[in-house]
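> sequence plus the predicted model coming up.
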Amino acid sequence: MQTPQFEFMRDFLLQQSGLVVEESKMYLLRTRLQPLLKEHSIATLNELADRLKKDRNSRLARQVVDAMTTNETLFFRDQYPFDALRDVMLPQCASSPVRIWSAASSTGQEAYSIAMIAAEALGGKGKRVEIAGTDISDQALTKAAGGTYTQMEVQRGMPARLLIKYFEQDGSNWRLKPEIRNMVRFGPANLVSPTLSSEMRGKGPFDIVFCRNVLIYFNVGARLQVIDNLAACMKDSGYLVTGAAEIPKGNKSRWEAVHFGNRNLWRLVAR
Amino acid sequence: MAEKMMVVDDARVVRVSLGKIMQSLGFEVIACEDGQQAMQAILENPDVRLIMLDWHMPVMNGYDFLVRLREMPEHSSSPLVVMVTTEASMPSMMKALSAGADEYIMKPFDASLIKSKLDLLGVAYKE
Ligand SMILES: C[S@@+](CC[C@H](N)C(=O)[O-])C[C@H]1O[C@@H](n2cnc3c(N)ncnc32)[C@H](O)[C@@H]1O
């Protein structure tokens, strides 16, 4: 790939999704975009760059972003955010419905884990919980909305008790029951979009936001912008859960650290 | 001192592969080929912390072993029992859990799945 085209691709990905691709990771462009080149009968990455220059908002452009993002996720990933949800965050939320946002929901496991915890904690207490799951990847959103997972996917991190309680078997796959699926609405949203808060207006403001394992792919500037965007979608004193070390330092004055074991949750204390 | 655990499976490949994973996680592994051997082993090693138990085995199957184990007053809740089986239906899972299994793994498994189940059970292991 020629340098100007690489620079174009790098800037394109940064602007469209916040994603940082270092020059040393050029091979990643090649391996991840190969299937797309085939699908669209595009011969080289240079040609792909030229096509994107002409139309940055085409289906092809979305597919490129899709292919370059990492969708890996798990039910109850890292466990502690879900313990904290049950023990600290949900009990503190007085409103009904409690509004929760899985802000890079990928294929849905995080949003559904939240839903199962909420159903366990609040079942029968009359308090309602509404969960929004958003992602930049159309493919991930389609899978998320289907709520169907393989045997491998439903086992790691998932207590067998919850699998029995909240899933139905569908051939060799496992599908979440309607009572859990109906707690979650999935839709597209780009975290770095300057209009994010108006796009999310109908679903928020949120009491609790999970934004995990996505900021690590962004540079500091994009991280700060995303965190501002999230704050604009949250209630005062709302909780933010990020991955370890994902919240950049310079931004901590408006966020108060709430210790949970040896981890931190963040609370919005100033606008 | 390493904690003791049992791998109960009639297939040698499983005893070896699962045994290796558990050893690498710091456990002392006792391997048994069926429920009857497992019954003998638990009598000799009442301090076993965890049993990984196959379902379908000759002589005494895993489910029957589980029921008998939990009937023994000193074993009504310990050791922890994880079913590790090709039996992948919801009803079997329910049956095992209500008989006193603590977790359930549908084969195939890998080390990360095993570790995630140990995490859920609060069983510490060597990284
Ligand atoms: C590794 S997954 C994390 C999923 C889940 N939050 C977790 O912690 O397991 C990262 C997700 O972020 C999404 N993503 C990347 N850039 C994004 C952006 N600018 N806006 C919204 N989502 C984005 C990707 O499509 C991917 O699904």
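Received, thanks.
> what residue is smack in the middle of chain B?
By C-alpha atoms, centre = their mean, chain B has its centre lying nearest to B:M52, at 1.5 Å.
> contacts for the one helix or strand that one maps to, please.
In this assignment (DSSP states H and E), B:M52 forms part of strand B:50-53. With contacts defined as C-beta atoms under 8 Å, 6 or more residues apart in numbering or on different chains, strand B:50-53 is touched by B:3, B:5-9, B:18, B:22, B:27, B:38, B:42, B:62, B:65-66, B:69, B:79-85, B:101, B:105, B:121, B:123. Any C-beta I mention is one placed from the backbone N, CA and C, and that applies to glycine too.
> buried ones only from those, please, as a ChimeraX command.
Per 16 or more other C-beta atoms under 10 Å in any protein chain shown, the buried members of those correspond to this ChimeraX selection:
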select /B:3,5,6,7,8,9,18,22,27,38,42,62,65,66,69,79,80,81,82,83,84,85,101,105,123
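> which one is the residue of the stretch 101-250 of chain A found nearest chain B nearest to, not counting chain neighbours?
With C-beta to the nearest C-beta, the shortest gap between the stretch 101-250 of chain A and chain B falls at A:A160, namely 4.0 Å. Once flanking residues are discounted, A:A160 sits nearest to B:Y104: 4.0 Å by C-beta to C-beta, 6 or more residues apart in numbering or on different chains.
> got a list of what that neighbour touches?
Neighbours of B:Y104 in contact, by C-beta under 8 Å, 6+ apart: A:160, A:163, B:82-83, B:85, B:93, B:96-97.
> okay if I get those residues as a markdown table plus pLDDT and secondary structure?
As requested, these are exported to a markdown table (pLDDT from 0 to 100; DSSP: H, G, I helix; E, B strand; the rest coil):
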| residue | pLDDT | secondary structure |
| --- | --- | --- |
| A:A160 | 97 | helix |
| A:L163 | 97 | helix |
| B:V82 | 98 | strand |
| B:M83 | 98 | strand |
| B:T85 | 97 | strand |
| B:M93 | 97 | helix |
| B:A96 | 98 | helix |
| B:L97 | 98 | helix |
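> which of those lies closest to the ligand?
Nearest to the ligand among the contacts of B:Y104 is A:L163, at 18.3 Å by C-beta to the nearest ligand atom.
> look up the closest residue to the closest one, ignoring the ones flanking it.
Using C-beta to C-beta, 6+ apart and skipping the chain neighbours, the partner closest in space to A:L163 is A:V154 (5.8 Å).
> quick one: average confidence on the strand or helix carrying that neighbour?
A:V154 is part of helix A:151-155 when elements are defined by DSSP H and E. Average pLDDT, helix A:151-155: 95.
> likewise for stretch A:164-171?
What stretch A:164-171 shows for mean pLDDT is 95.
> centre of the chain to that stretch, how far?
Centre-to-centre, stretch A:164-171 and its host chain are 24 Å apart (C-alpha atoms, centre = their mean, to the nearest Å).
> residues from the stretch 151-271 of chain A in reach of chain B?
The stretch 151-271 of chain A comes close to chain B at residues A:151-152, A:155-157, A:159-161, A:163-164, A:167-169, A:172, as judged by C-beta under 8 Å from any C-beta of the partner chain.
> quick check: bridge partners of the residue nearest to the centre of chain B?
Under DSSP bridges, the beta-bridge partners of B:M52 are B:V7, B:V82.
> for the ligand, see how far away it is.
28 Å (C-beta to the nearest ligand atom, to the nearest Å).
> what does the pLDDT read for that residue?
With respect to pLDDT, B:M52 has a value of 98.
> likewise A:N251?
A:N251 carries a pLDDT value of 64.
> check A:G221 too.
88.
> again with the one 10 residues further on
A:A231 carries a pLDDT score of 95 in this model.
> grab the nearest non-local neighbour of it.
Distance criterion C-beta to C-beta, 6+ apart; nearest residue to A:A231, sequence neighbours excluded, is A:L268 at 5.7 Å.
> what's the answer for A:S253, then?
Spatially, and ignoring its direct neighbours in sequence, A:S253 is nearest to A:A270 (6.8 Å; C-beta to C-beta, 6+ apart).
> surely the one you found forms part of a strand?
No. Per DSSP: H, G, I helix; E, B strand; the rest coil, A:A270 lies outside any strand segment and is coil.
> in a strand, A:R56, correct?
No. Assigned with three-state DSSP, A:R56 falls outside any strand and is coil.
> what's the pLDDT at it?
A:R56 carries a pLDDT value of 84.
> what about it, how many residues close to it?
Counted with other C-beta atoms under 10 Å in any protein chain shown, residues neighbouring A:R56 total 13.
> could you do the one 3 residues further on as well?
Taking other C-beta under 10 Å as the criterion, the count of residues near A:R59 is 10.
> now do A:E256
14.
> can you check the pLDDT for it?
91.
> the helix or strand harbouring it packs against which elements?
Under DSSP H and E, the secondary-structure element containing A:E256 is strand A:255-260. For strand A:255-260, the packing partners by 3 or more C-beta pairs under 8 Å, 6 or more residues apart in numbering or on different chains; DSSP states H and E come out as helix A:80-84, strand A:263-268.
> for residue 87, which non-adjacent residue is closest in space?
Let's take chain A. A:F260 (7.9 Å).
> switch to chain B, please.
Once flanking residues are discounted, B:E87 sits nearest to B:W55: 4.7 Å by C-beta to C-beta, 6+ apart.
> returning to what we had before: buried ones in the helix holding A:V154, by neighbour count?
A:153-155.
> which of the residues you listed lies closest to A:M116?
Nearest to A:M116 among the buried residues of helix A:151-155 is A:V154, at 11.5 Å by C-beta to C-beta.
> state which helix of chain B is the longest.
Using DSSP state H to define each element, chain B has its longest helix at helix B:12-24.
> following that helix, which helix or strand comes up?
Next helix or strand after helix B:12-24 toward the C-terminus (DSSP H and E): strand B:28-32.
> show me which positions of the helix or strand following that following strand end up buried.
Downstream of strand B:28-32, the next assigned helix or strand under DSSP H and E is helix B:35-44. Neighbour-count burial for helix B:35-44 flags B:35, B:37-39, B:41-42 (criterion: 16+ other C-beta under 10 Å).
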